[in-house]
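Engineer: Here you go, sequence then predicted model.
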Amino acid sequence: MTKKFVLGIYDDEDVLLQAIENVRAAGTNIYEVFSPYPIHGIDDVLGIKRSRLPIVAFFCGLFGTSFALWMQIWMLGFDWPMIIGGKPHIALPAFIPVTFELTVLCAAFGMVITFFIVTKLKPSFKVNVFDKRSTDDKFVMAIEVKEGVTDMPALNDLLRSNGAIEVNEKEVIK
Amino acid sequence: MTEERLIISRKTNNKFFLMIAIGVVLLIAGIIIAALSGGGHHAEGHGEAAAAGHEAAHWSKRLYMNLWLNNVYFTGIALVGVFFVAVQYVAYAGWSVLIKRIPEAMGYYLPIGGVVMLITFLLGGHDIFHWTHDYLYNQFLEDGVTPNPQYDPIIAGKAPYLNFWFFLIRMIAYFVLWILFFNWLRRNSIGEDLHGGTNYYHKSIRISAMFLVVFGVTSSTSAWDWVLSIDTHWFSTMFGWYVFASWWVSGLSVITLTVIILKQNGYLKLVNANHIHDLGKFVFAFSIFWTYIWFSQFMLIWYANIPEESIYFIERLGGNGGHFKWIFFTNLLINFAFPFLVLMTRDAKRQMIMLKIVTIAILIGHWLDFYLMMMPGTMRTDAGIGFIEIGTTLIFLGVFLITFTKGLTKASLVPVNHPFLEESVHHHV
């Protein structure tokens, strides 16, 4: 299935940020903005909500803590009790380093794996490059065209009046 | 960018003086109570020897310990202010420019700290430090033949480092160096305000780099001198770090709390949630760092279980009749668990009320931390937290606040000619 996009090409970061604000204020939905480098404050003007990944990290970390403590207490306290260094079977201070490491490991892996799943990032992931210049020195604002709904000349005017140096159309296989 | 002058009203200043006055009243009340009830308390706890020997000096010992505890605590905080500024310079940091005047002004307490430290040591040295007693060092009694029963070979072995004069010289050297560097940095900072240009900035970086070397050595050695040597027989290679971590997180809390209070009173208008967020991260990260150091010290001693090392934790847990047990666990709870859980989310670090609660808790917590480092080795079961402790702390807090706020009023809160000021204004995380 192909989708049609209108691409506004910008060559200045500040013009782009202003344009995003004006385009959104005019009631147009922006599909995506491509930039050669991260732009400060672009998340806010695009209205992108903050990631909920930290919540995943917390619960993965909590799982790591509980798993590590359970594992060590069960192994060294119940399954195969051993006296090590004259300490009690369940010697909590000795378990802390392992607990710490597993907490960090689970939180980190949990975050990365969740990120891959949520963004559908996998080896077969195909990236649609809307305009190759967005990897060099141009900023590209992509707006999805809905047949019969989008007013093409008006959209063209809106982008150009907000500083776009070019406005192109492109069909992308989705 | 315009200057912003802090004005401390007479009313606010009076509040600080009232704080000192209340402290003095509580302290005197505490001393009277201690002097009147000291005897009875002693007799039941220690038997005849203690009742006869140490009874009279009891309240004065407690007073010296409190002076020492509070002075080490507040001097550390003042020193951390200078250290913070130096770190920011050496790191070429831009974000902290708007709040830089606050840690800078903390250093104004250092001269007072030096004087109080010197007087307390000269007057109460014998009460604070066991190693200051001469009889420990003589292997034989005066006749030269009879072995001295009080001779302590371990302490005598430490005499080249732990002796009165070297200790005194070191103490004076620390303060001279610290005050020198503080004044040097401060003069450059104010000169920059007046004359502008990047010369002051580059010079400050060089001064800061030198100070960091000095601080790296003296923060450890002063911790050995002032805190570790109280438990003269004991030793820990982590100790310099441990005291530094405690000072550092307390200092960061003072900086954060001051920024928030100033902001809530209409100052520091250019400081926004992003700066507060970064300060919150500092407090969060270094309360974990303190815990890391705490645990590193504890676990190795606990695991090896060598009597001469583990005595330190025995005195603080089951020993001394479990007198310090509650502080031991409160210490961990208030300085680790509480900030760790409360400041974990991004939102909490950007909300002033959350940071206020946590930083105040940390400041109380690290006061208790120093209490726990000093009291078990000196006051033993006679240690308490009563009028004397609260009174002395209030006096020190009042004096610290007066010098600190006076320092803040001496220069614009915004370093108007700092080359990175613009970057700090647009700081965004």
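Structural biologist: Looks like it arrived, so ask away.
Engineer: nearest residue to B:Ile102 other than its sequence neighbours?
Structural biologist: Excluding its sequence neighbours, the residue lying closest to B:Ile102 (C-beta to C-beta, 6 or more residues apart in numbering or on different chains) is B:Thr258, at 5.0 Å. Quick note: C-beta positions are derived from backbone N, CA and C, even for glycine.
Engineer: What distance do you get for that neighbour to B:Gly407?
Structural biologist: Distance, B:Thr258 to B:Gly407, using C-beta to C-beta, to the nearest Å: 11 Å.
Engineer: helix/strand/coil for B:Val249?
Structural biologist: helix (DSSP: H, G, I helix; E, B strand; the rest coil).
Engineer: Quick one: neighbours of it, just the number.
Structural biologist: Residues lying near B:Val249 (other C-beta atoms under 10 Å in any protein chain shown) number 29.
Engineer: Wait, it touches B:Ala361, no?
Structural biologist: No. Between B:Val249 and B:Ala361 there is no contact, the gap being 11.4 Å when judged by C-beta atoms under 8 Å.
Engineer: sorry, back to before: and after the host helix or strand of the residue nearest to B:Ile102, which helix or strand comes next?
Structural biologist: In this assignment (DSSP states H and E), B:Thr258 forms part of helix B:239-264. Later in the chain than helix B:239-264, the nearest helix or strand by DSSP H and E is helix B:273-304.
Engineer: For that next one, list every residue counted as buried.
Structural biologist: Across helix B:273-304, burial judged by 16 or more other C-beta atoms under 10 Å in any protein chain shown covers B:275-280, B:282-284, B:286-288, B:290-291, B:293-295, B:297-298, B:301-302.
Engineer: Over to stretch A:26-43?
Structural biologist: Buried, per 16+ other C-beta under 10 Å, within stretch A:26-43: A:Thr28, A:Ile30, A:Val33, A:Phe34, A:Ser35, A:Ile39, A:Ile42.
Engineer: residues in contact with B:Val259?
Structural biologist: B:Ile99, B:Ile102, B:Leu268, B:Val271, B:His275, B:Ile276, B:Leu279 (C-beta atoms under 8 Å, 6 or more residues apart in numbering or on different chains).
Engineer: mind redoing it with 7 Å?
Structural biologist: Residues counted as contacts of B:Val259 (C-beta atoms under 7 Å, 6 or more residues apart in numbering or on different chains) are B:Ile99, B:Ile102, B:Leu268, B:Val271, B:Ile276, B:Leu279.
Engineer: Return the per-residue confidence for it.
Structural biologist: Looking at B:Val259, its pLDDT is 97.
Engineer: got it, and B:Leu252?
Structural biologist: Per the predicted model, pLDDT is 98 at B:Leu252.
Engineer: Got the phi and psi for B:Val227?
Structural biologist: Here is the backbone geometry of B:Val227 (degrees, to the nearest 10): phi -120, psi -50.
Engineer: likewise B:Gly124?
Structural biologist: phi -110, psi 20.
Engineer: residues touching the residue nearest to it when sequence neighbours are not counted, list them.
Structural biologist: With sequence-adjacent residues excluded and distances taken as C-beta to C-beta, 6+ apart, B:Gly124 is closest to B:Tyr64, at 2.9 Å. Residues in contact with B:Tyr64, defined by C-beta under 7 Å, 6+ apart, are B:Thr120, B:Leu123, B:Gly124, B:Asp127, B:Ile128.
Engineer: how near is B:Asp369 to B:Met238?
Structural biologist: Using C-beta to C-beta, B:Asp369 is found at 14 Å from B:Met238.
Engineer: Equivalent analysis for B:Asp382, please.
Structural biologist: From B:Asp382 to B:Met238 the distance is 28 Å (C-beta to C-beta).
Engineer: Quick check on those two: which one has the bigger neighbour count.
Structural biologist: Neighbour comparison, B:Asp382 and B:Met238: the larger count goes to B:Asp382, with 22 against 16 (by other C-beta under 10 Å).
Engineer: Would you list the phi and psi of the more buried one?
Structural biologist: Here is the backbone geometry of B:Asp382 (degrees, to the nearest 10): phi -80, psi -10.
Engineer: Just list the residues touching B:Asp152, thanks.
Structural biologist: Residues near B:Asp152 by C-beta under 7 Å, 6+ apart: B:Leu136.
Engineer: Can you name every helix or strand that the lengthiest helix in chain A contacts?
Structural biologist: In terms of residue count, the longest helix belonging to chain A (DSSP state H) is helix A:92-118. Other elements packing on helix A:92-118 under the criterion 3 or more C-beta pairs under 7 Å, 6 or more residues apart in numbering or on different chains; DSSP states H and E are helix A:53-73, helix B:273-304.
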